[in-house]
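In: Based on what follows, work out the 3D shape:
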Amino acid sequence: MPSASAALKKETGLPHRWQVVMMMSAAFMLSNLDKVNMSVAVIPMAHEMGWSGLERGLVSSAFFWGYTLTQIPGGAISTKIGGAKVLLAGVALWSVGTLLAPPCASMSLMALCASRVIVGLGEGVAPSAATSILAKTMPPTERSRAVSLVWGGMDVGSVVGLLLCGPMIKAFGWPSVFYAFAAAGLLWCVLWPLFRPEEVEAVDTERMTREMSVMESIDLPSESKPPEKVIVPWGAFFRSMPVWAVTVAHFSFNWGYYTLLAWLPSYFELALGLEVDKSSFLTLIPYLAMTLMMPLVGPLADGMVERGVSLTRVRKIMQGIAFVGPALCMLACGFLTPVAGSGIAPPTALLVLLLSLSFAFGAFSRGGLYCNHQDLSPKYAGALLGITNTAGALPGVLGVTMAGYLLDVTGSWASAVFFPAALCQTAGFIFYTMFASSERQSWS
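Out: Residues are numbered from 1 along each chain as shown. Okay, the predicted model is just below:
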């Protein structure tokens, strides 16, 4: 019986590796659907259950408790057994966790947090699993485009989720966004094995061999080599300044991204006085800006590489834009957002524009830090992403919870959200510019 991959290639001519990329992009879209649903649903849930800002922050950050725990194990397991099986297990686990949210919410706040931890545990293995697959199947001249498409699925998920959640909650109640998105994830789990993601076609291997013969920084895909025991050089990772550069960049970039992902709908409700359906609709505009920017980033980065610009320089330029642009926008949002109770009308249109620009600039990270792991070591790319994404997950715990606490104490969105994000982005820009590299490391 022909696989779904073979049938799709016959109909469209799409190579197997790009079919796998499309399916991974769909998985990443689902991952952000299951983040965004809580970001929007927390508004009616907080009203219904009488939560404070700190309790909103705890519910929103609970996801990241689990997400942090499975980053390094996910990378290590993906390196040893391949990313395809790990990604399947991750999607199944987070879909079950999403399904449990409504009944857990009716039990207690801690039970709801536990269900979100399960979602985080599942989603935590996805980045390393996808990186492991991409590092072994994509030639260097297609890498930025593949990474942009896969991670761009997260931005599509944010847009789709924010577009759907408000109307769904208004029509069917907040539990509907958890049940519907969980069902979509379980459907993906049924379809993924049909694409045979662990297989690489001969034509793909031949092309990679030709390109890698002139790109010394890339290994042949594991399918073309004799099986060998993989020993991950953890100590060498932590002695490498380029690895630290990506780690610091991941933490700094995600502080702003995850804090806004969790708090933006509440910001539009509490600071701008919008209802839940209008709040979720306006919130999607910045994510839509990021999604529209995404198709430009990969070809721009790959084009610079093809024109002879050094890979290290390309990564620094891309990530520099992803840091400096959002930092300036965060500062402007902080100054323009009035303190709660001041009676000053906020400039809603200008704030939405600034947030949209911030997210659009952030899209350039897909050609920066998110490609850097594969540059440093295709062999250990999954394990490297496990390390850096652990640091990148910490803002989801620290930043999201701290924002709720500071909001309760100060009543200032600038102090709670915008200024801390700008500070982290500026620090990340300086460190990454000084120490980042795309040279293949000696331990690879």
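
In: Return the distance of the nearest residue to residue 432 once chain neighbours are set aside relative to residue 384.
Out: Take residue 432 and drop its neighbours on the chain: the residue closest to it by CB to CB, 6 or more residues apart in numbering is residue 249, 4.3 Å away. Yep, even glycine has a C-beta here, placed from its N, CA and C like the rest. From residue 249 across to residue 384, the span is 13 Å (CB to CB, to the nearest Å).

In: Likewise for residue 68?
Out: 16 Å.

In: So between these two, which is more surrounded?
Out: Comparing residue 68 with residue 384 by other CB atoms under 10 Å, the one with more neighbours is residue 384, at 30 against 20.

In: what about the nearest residue to residue 74 once chain neighbours are set aside, how many neighbours?
Out: Counting by CB to CB, 6+ apart, residue 125 is the residue found nearest to residue 74 once chain neighbours are left out, at 3.2 Å. Other residues within reach of residue 125, judged by other CB under 10 Å, total 29.

In: thought residue 125 was touching residue 76?
Out: No. Counting by CB atoms under 8 Å, residue 76 is not a contact partner of residue 125; they are 10.2 Å apart.

In: what are the ranges of the helices in the stretch 1-150 of the chain?
Out: 4-12, 16-49, 53-69, 71-81, 83-107, 109-124, 126-137, 143-172 (DSSP state H, counting those that start in this stretch).

In: Looking at these, which one is packed in the most?
Out: Mean neighbour count (mean count of other CB atoms under 10 Å) peaks for helix 126-137 among the helices of the stretch 1-150 of the chain, with a mean of 30.

In: Convert it to CSV, retaining C-alpha atoms only.
Out: Only the C-alpha atoms of helix 126-137 are listed here, as CSV (Å, rounded to 0.1, in the frame of the first residue of the first chain):
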residue,chain,number,x,y,z
ALA,A,126,9.0,19.1,19.9
PRO,A,127,11.8,21.6,19.2
SER,A,128,14.6,19.2,19.7
ALA,A,129,12.8,16.4,17.8
ALA,A,130,12.2,18.7,14.8
THR,A,131,15.8,20.1,14.9
SER,A,132,17.1,16.5,14.8
ILE,A,133,15.0,15.7,11.8
LEU,A,134,16.0,18.8,9.9
ALA,A,135,19.7,18.5,10.6
LYS,A,136,19.7,15.1,9.0
THR,A,137,17.4,15.7,6.0
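
In: what's the angle between it and helix 71-81?
Out: 30 degrees (axes from the mean of the first three to the mean of the last three CA atoms, to 10 degrees).

In: Quick one: list the elements packing against helix 126-137.
Out: Other helices and strands packing on helix 126-137, by 3 or more CB pairs under 8 Å, 6 or more residues apart in numbering; DSSP states H and E, are helix 16-49, helix 71-81, helix 83-107, helix 143-172, helix 369-376, helix 381-410.

In: could I get these as TSV with mean pLDDT and distance to residue 420?
Out: Output for the helices and strands packed on helix 126-137, formatted as TSV (pLDDT from 0 to 100; distance: least, CB to CB, whole Å):
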stretch	mean pLDDT	distance to residue 420
helix 16-49	92	18
helix 71-81	84	22
helix 83-107	96	27
helix 143-172	87	21
helix 369-376	88	20
helix 381-410	87	7
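
In: and the gap between the residue sitting furthest away from the middle of the chain and residue 333?
Out: Most distant residue from the mean C-alpha position of the chain: residue 343, 36.4 Å away (CA atoms, centre = their mean). To residue 333, residue 343 is 19 Å away according to CB to CB.

In: related to what we said a few turns ago, can you put the helices and strands packed on helix 126-137 in JSON lines and add distance to residue 289?
Out: Compiled in JSON lines, these are given as follows (distance: least, CB to CB, whole Å):
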{"stretch": "helix 16-49", "distance to residue 289": "15"}
{"stretch": "helix 71-81", "distance to residue 289": "28"}
{"stretch": "helix 83-107", "distance to residue 289": "26"}
{"stretch": "helix 143-172", "distance to residue 289": "9"}
{"stretch": "helix 369-376", "distance to residue 289": "18"}
{"stretch": "helix 381-410", "distance to residue 289": "21"}
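
In: quick one: which of those is nearest residue 427?
Out: helix 381-410 (12.4 Å; CB to CB).

In: Run the chain-centre distance for the helix or strand just after that closest one.
Out: Per DSSP states H and E, the first helix or strand lying C-terminal to helix 381-410 is helix 413. Distance, stretch centre to chain centre, for helix 413: 24 Å (CA atoms, centre = their mean, to the nearest Å).

In: go on, stretch 184-191?
Out: The chain centre lies 20 Å from the centre of stretch 184-191; the measure is CA atoms, centre = their mean.

In: Go through it and flag the buried ones.
Out: 185, 188-189 (16 or more other CB atoms under 10 Å).

In: any idea how far residue 435 is from the closest residue to residue 383 other than its chain neighbours?
Out: Spatially, and ignoring its direct neighbours in sequence, residue 383 is nearest to residue 75 (4.1 Å; CB to CB, 6+ apart). For residue 75, the distance to residue 435 equals 21 Å [CB to CB].

In: and what of residue 375?
Out: In terms of CB to CB, residue 375 sits 14 Å off from residue 435.

In: Tell me which of the two has more neighbours.
Out: Neighbours of residue 375 and residue 435, each counted by other CB under 10 Å, are more numerous for residue 375; the result is 26 against 16.

In: Wait, that one touches residue 313, no?
Out: No. At 11.9 Å, residue 375 does not count as touching residue 313 under the criterion of CB under 8 Å.

In: The helices of the stretch 1-150 of the chain: which one's closest to residue 440?
Out: Among the helices of the stretch 1-150 of the chain, the nearest to residue 440 by CB to CB is helix 126-137 (12.0 Å).

In: what pLDDT, on average, does that closest one get?
Out: The average pLDDT within helix 126-137 is 86.

In: The helix or strand hosting residue 300 to helix 16-49, inter-axis angle?
Out: For residue 300, the host element (DSSP H and E) is helix 276-306. Interaxial angle, helix 276-306 versus helix 16-49 (the same axes, to 10 degrees): 150 degrees.

In: residues of whichever helix or strand residue 258 is part of that come out buried?
Out: Under the criterion of DSSP H and E, residue 258 resides in helix 241-270. Within helix 241-270, the residues scored as buried using 16+ other CB under 10 Å are 242-270.

In: before we move on, what about stretch 300-313?
Out: 300-302, 304-305, 311.

In: Poorly predicted segments of the stretch 251-400 of the chain, please.
Out: By pLDDT under 70, the weakly predicted segments of the stretch 251-400 of the chain are 276-280, 340-342.
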